[in-house]
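Q: need the 3D shape of this:
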Amino acid sequence: METRPLDEIDRAMLDLGIPPKPPLPPDAPATKHQAVPGIPPKPPLPGTAEPSPRTTETSAPSRVPHILLAAYVVALTLIAIWPVPVDRGAGPAIGVITRIFPILTYARIEFGANILLFVPLGVLLALILHQRFLVVPIAVVTTVAIESVQGIALSLRTPSVMDIVANVTGACIGLLLVTAVEWWQRRATTSG
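A: You can find the predicted model right below:
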């Protein structure tokens, strides 16, 4: 067995009663962490390895849903906390629509508008989140928060359970749209 000269750390360890490390075999690399046979090496930490071409190609488009979600949240916040109902000036137009199509009452138009208002939330969250089951709870929390603020802080706004139902329905439709499009794309690529 070959002996190596003792360095300061080895001498300090000997003073503490700890024996020095045995020498490395001649063919082993002198690295800080020795590879153990049968165990693969640890992968590099994120950001330390060079990005692959695929990573750089997909990183730019993946930011688009985030930017759109931020813009949507700003618009939704403005609509939600506007001090007067946002459809206040639409009364004459709604009156014309209900006269032409009597089945489209104000309540049904409002319910449909609330559904449409939350479809983008469902779409964007489905595109962003890896765990899509979170889309519905996020939609529920968002709409309950909106209705709570309207009930507590805005005297001219009326909170409604039907708004919560419509908003969550819209987010679910958005989630289903993304899921259906992705299913259709996978089906088209596997069969064609």
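Q: drop to CA atoms for contacts and neighbour counts, all remaining ones
A: Fine.
Q: so where's the chain shaky on pLDDT?
A: 1-6, 20-21, 23-38, 46-61, 192 (pLDDT under 70).
Q: ok now stretch 116-135, how far from the chain's centre?
A: 8 Å (CA atoms, centre = their mean, to the nearest Å).
Q: against residue 69, how distant is the residue positioned nearest the centre of the chain?
A: In the chain, the C-alpha nearest the mean C-alpha coordinate belongs to residue 129, at 3.3 Å (CA atoms, centre = their mean). Note on residue 129: its distance to residue 69, by CA to CA, to the nearest Å, is 12 Å.
Q: look at residue 167 and say how many residues are nearby.
A: 28 (other CA atoms under 10 Å).
Q: do the same with the one 3 residues further on
A: Residues contacting residue 170 under the criterion other CA under 10 Å number 26.
Q: that one: which element?
A: Assigned by DSSP states H and E, residue 170 falls within helix 161-191.
Q: circling back: now the residue nearest to the centre of the chain. Nearest residue, chain neighbours left out?
A: In space, and not counting its chain neighbours, residue 129 is closest to residue 135: 7.9 Å by CA to CA, 6 or more residues apart in numbering.
Q: got the contact list for the one you found?
A: 122, 125-126, 129, 171-172, 175 (CA atoms under 8 Å, 6 or more residues apart in numbering).
Q: switch to 10 Å and redo it
A: Residues in contact with residue 135, defined by CA atoms under 10 Å, 6 or more residues apart in numbering, are 121-126, 128-129, 168, 171-172, 174-175.
Q: could you work out the most separated pair of these?
A: The largest separation in the contacts of residue 135, counting by CA to CA, is between 128 and 168 at 17.7 Å.
Q: neighbour count: those two, which is higher?
A: More crowded of residue 128 and residue 168, by other CA under 10 Å: residue 168, with 28 against 16.
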